[in-house]
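>>> Structure of the sequence below:
(one chain, ligands or ions: 1)
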Amino acid sequence: MNENLQGATLGAGRPLVGVIMGSTSDWETMEHAVKTLEELGVPFETRVVSAHRTPDLLFAYASSAEHRGIEVIIAGAGGAAHLPGMTASKAVVPVLGVPVESKALKGLDSLLSIVQMPGGIPVGTLAIGKAGAINAALLAAAMLGNKYPHIREALRKFRKTQTAKVLATPDPATAALSAVIGPGKKLKRKKRG
Ligand code: RP5
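I've put the predicted structure just below:
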């Protein structure tokens, strides 16, 4: 196998999700996808693949992904963000696009570049930035959950925990305070006089 095509493999077992991004500068956003996949126990690989700077690698990665066992690709890119669309054009596995927040246009350029695919080659487009990266991982897990029961159960558990966390702090003032001083701690009042 061409080792250029493989990224760093993380999580136990053969990678099912390929997390690719246009630049190392996208990592700050895309690490949230990776952390979420780790939390769910979904095996993945990560790799910088640029549509503009390494087009041959992009073609090789996308066209070999299915044969290497990758079942979903998460592609993050910013600015003139061609990576998700070009990857989708060469890969038959589902591609989820994460618009990375750009400095110039706050990610609106990335969002429109990724979401406005012409009919025929779909990219499942998520929100700009961190929220989109987290949701791309959750959506990938939901897709894989159709085939892998343990991933479906991990996703169910994630949802339950998330719900419990919200219900455990119904008072927004308490939530804001515990974010500052730590959960369960109380502010000490100064004695007067
Ligand atoms: C895109 O250009 C990347 O996805 C990145 O978001 C953006 C800027 O890349 P760098 O100039 O920071 O490498 O291809």
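>>> from here on, contacts and neighbour counts on C-alpha atoms
Noted.
>>> Would you mind listing what in the protein touches the ligand?
Neighbours of the ligand within the chain, by Cα under 6 Å from any ligand atom: Met21, Gly22, Ser23, Ser25, Asp26, Ser50, Ala77, Gly78, Gly79, Val100.
>>> do that again at 5 Å, thanks
Gly22, Ser23, Ser25, Ala77, Gly78 (Cα under 5 Å from any ligand atom).
>>> quick one: pLDDT of the fourth one?
Right, the one you point to is Ala77. Turning to Ala77, the model gives it a pLDDT of 98.
>>> That one pairs with what?
Pro99 (DSSP bridges).
>>> Please name the residues that touch it.
Taking Cα atoms under 8 Å, 6 or more residues apart in numbering, we find Ala77 in contact with Met21, Gly22, Ser23, Asp26, Leu83, Pro84, Gly97, Val98, Pro99, Val100, Ser110.
>>> can you name the two of those residues that are farthest apart?
Ser23 and Gly97 (14.4 Å; Cα to Cα).
>>> between the two, who's got more neighbours?
Legend: neighbour count by other Cα atoms under 10 Å for Ser23 and Gly97, higher for Gly97 (34 against 16).
>>> Would you verify that the more buried one is located in a strand?
Yes. Under DSSP: H, G, I helix; E, B strand; the rest coil, Gly97 sits within a strand.
>>> My understanding was that it contacts Gly129; is that so?
No. Gly97 is not in contact with Gly129 according to Cα atoms under 8 Å; the separation is 10.7 Å.
>>> Distance check, Asp109 against Val17.
26 Å (Cα to Cα, to the nearest Å).
>>> and these two? which has more neighbours close in?
Set side by side, Asp109 and Val17 show more neighbours around Val17, with 26 against 18, by other Cα under 10 Å.
>>> hey, what's that one bridged with?
Phe44, Val72.
>>> biggest helix in the chain by residues?
For the chain, the longest helix by residue count, based on DSSP state H, is helix 149-168.
>>> For that one, which helices and strands make contact with it?
The contact analysis (3 or more Cα pairs under 8 Å, 6 or more residues apart in numbering; DSSP states H and E) places helix 149-168 against helix 27-40, helix 130-145.
>>> Moving C-terminal from it, which element do we reach first?
helix 172-181 (DSSP states H and E).
>>> Tell me what angle that next one forms with helix 149-168.
Calculated by axes from the mean of the first three to the mean of the last three Cα atoms, to 10 degrees, helix 172-181 forms an angle of 110 degrees with helix 149-168.
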